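J.: Predicted structure and sequence below. I'll ask about it afterward.
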Amino acid sequence: MQTVVHLLSGDESEQETSLAIAQNLLDDETGSIDDVAIVVQAAGINAVKAGEDNEEQVRELLDSGISVKACSNTLDMMDLDEADLVEGIETVPEGAVEVTRLQSEGYAYVRP
Amino acid sequence: MQTVVHLLSGDESEQETSLAIAQNLLDDETGSIDDVAIVVQAAGINAVKAGEDNEEQVRELLDSGISVKACSNTLDMMDLDEADLVEGIETVPEGAVEVTRLQSEGYAYVRP
Amino acid sequence: MQTVVHLLSGDESEQETSLAIAQNLLDDETGSIDDVAIVVQAAGINAVKAGEDNEEQVRELLDSGISVKACSNTLDMMDLDEADLVEGIETVPEGAVEVTRLQSEGYAYVRP
């Protein structure tokens, strides 16, 4: 099974839950989860900026093989670019399109 | 691909993100999104009332071919009816049933 | 059709909407919904603790045949166990894994 976690909340508690749940999915003892992706957009971008509190946790997720994909539309609107995010984060043109694409490939959706 | 955006938050920022994401899905340059529906219920109803700040944006979404479906259960509880909403919005008996039906037809789910 | 309601918000309004939507899905007049499950985790756990305001409503949902599944990971972190929850609630090892499993079996996802 595969899961996409949609991180678009500006609420810090929901942002923390998003990162924790991504890790929990990967750590699942039954080994039933084959892939986890995090799609980040809107106010969720603040949770994955370089040099912020979550940097170490985001690096660990990336090192564990979780892909983190940031919405370029959002970056443009916030006057940010890929270099402002934790290293290893990819960009996609529009987060919601990526979330749709992943669901069409069979990923389950989780929105903390 | 097809996407249903579930607008049931009372948070104005999440309401704005819901409307913006619906537009972004439709504007997707790859043309991979064939249909977008917005299902509105609970506190989300306030985002699509006639005469409010979002009216012009909601009209533009409707004009673009996005269907906006409001939950009749919610309207009853809020003592509102279809005439209180932006013109062109349809009603469905229960928003969550409509969201379930759309997913069963292959729509991806996005909850801003 | 089948639906899983994901209750992981600490917001009381979103918690109430989660419980109300689960009931509305079951009460659907068209009879199109065959099963409803509520998966509870993170700050959502507070909505289903025994002896709290929602106890009667949660009991009614359980009596109606809705399964309520609480995340053991969350209970451990909050130093709670099954006995602290409304009687009849089951536990699952990790809520997001259960939500993924249900979607892989064809359940639609709703996150109030």
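T.: Looks like it came in fine.
J.: so which strand or helix has the residue most central in space within chain A?
T.: Taking CA atoms, centre = their mean, the centroid of chain A lies closest to residue A:38, which sits 2.5 Å from it. Secondary structure assignment for residue A:38, by DSSP states H and E: strand A:35-40.
J.: just the CA coordinates of that strand, formatted as CSV?
T.: The C-alpha coordinates for strand A:35-40 follow below in CSV (Å, rounded to 0.1, in the frame of the first residue of the first chain):
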residue,chain,number,x,y,z
ASP,A,35,5.8,4.1,-0.2
VAL,A,36,5.0,7.4,1.5
ALA,A,37,5.0,10.8,-0.2
ILE,A,38,4.4,14.2,1.4
VAL,A,39,2.9,16.9,-0.8
VAL,A,40,3.4,20.4,0.7
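J.: Can you tell me which helices and strands that strand packs against?
T.: Helices and strands touching strand A:35-40, by 3 or more CB pairs under 8 Å, 6 or more residues apart in numbering or on different chains; DSSP states H and E, are strand A:2-7, helix A:12-27, strand A:67-71, helix A:95-104. Using the backbone N, CA and C atoms, a C-beta is placed for each residue, glycine as well.
J.: Residue C:93: which of the ones you listed is closest?
T.: When the helices and strands packed on strand A:35-40 are compared for distance to residue C:93 using CB to CB, the nearest one is helix A:12-27, at 9.2 Å.
J.: What helices and strands are in contact with the closest one?
T.: Using 3+ CB pairs under 8 Å, 6+ apart, helix A:12-27 sits against strand A:2-7, strand A:35-40, helix A:55-63, helix C:95-104.
J.: between that helix and strand A:35-40, how many degrees?
T.: Going by axes from the mean of the first three to the mean of the last three CA atoms, to 10 degrees, helix A:12-27 is angled at 160 degrees with respect to strand A:35-40.
J.: Restrict helix A:12-27 to CA atoms and write it as CSV.
T.: Extracted in CSV, the C-alpha atoms of helix A:12-27 (Å, rounded to 0.1, in the frame of the first residue of the first chain):
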residue,chain,number,x,y,z
GLU,A,12,1.8,24.1,13.7
SER,A,13,0.1,21.2,15.5
GLU,A,14,-1.3,19.9,12.2
GLN,A,15,2.2,20.3,10.6
GLU,A,16,3.8,18.3,13.4
THR,A,17,1.2,15.6,13.1
SER,A,18,1.8,15.4,9.3
LEU,A,19,5.5,14.8,9.7
ALA,A,20,4.9,12.3,12.6
ILE,A,21,2.3,10.4,10.6
ALA,A,22,4.6,10.1,7.6
GLN,A,23,7.2,8.5,9.9
ASN,A,24,4.7,6.2,11.5
LEU,A,25,3.5,5.0,8.2
LEU,A,26,7.0,4.1,7.2
ASP,A,27,7.8,2.5,10.6
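J.: and that helix, what's its mean pLDDT?
T.: Averaged over helix A:12-27, pLDDT sits at 96.
J.: cool, and stretch A:70-87?
T.: 97.
J.: Close to chain C: what parts of chain A are there?
T.: Counting by CB under 8 Å from any CB of the partner chain, the residues of chain A lying close to chain C are A:1-3, A:5, A:13-14, A:17, A:20-21, A:24-25, A:28-30, A:32-33, A:106, A:108-112.
J.: relative to helix A:55-63, how tilted is the strand holding residue A:38?
T.: Relative orientation of strand A:35-40 and helix A:55-63, computed by the same axes, to 10 degrees: 140 degrees.
J.: Please work out which residues outside strand A:35-40 touch it.
T.: Surrounding strand A:35-40, the residues in contact under the criterion CB atoms under 8 Å, 6 or more residues apart in numbering or on different chains are A:2-8, A:18-19, A:22, A:25-26, A:47-48, A:61, A:66-71, A:74, A:89, A:92, A:95, A:98-99, A:102, A:107.
J.: out of these, which are buried?
T.: The neighbour count (16 or more other CB atoms under 10 Å in any protein chain shown) marks A:2-8, A:18-19, A:22, A:25-26, A:47-48, A:61, A:66, A:68-71, A:74, A:89, A:92, A:95, A:98-99, A:102, A:107 as buried among the contacts of strand A:35-40.
J.: Now do the residue located most distally from the centre of chain A against chain B, distance only.
T.: Distance from the centre of chain A peaks at residue A:30, with 22.7 Å (CA atoms, centre = their mean). Residue A:30 sits 24 Å away from chain B, going by CB to the nearest CB, to the nearest Å.
J.: is it true that residue A:14 touches residue B:9?
T.: No: at 11.6 Å, residue A:14 does not count as touching residue B:9 under the criterion of CB atoms under 8 Å.
J.: between those two, who's got more neighbours?
T.: A count of neighbours by other CB atoms under 10 Å in any protein chain shown puts residue B:9 above the other of residue A:14 and residue B:9, at 26 against 22.
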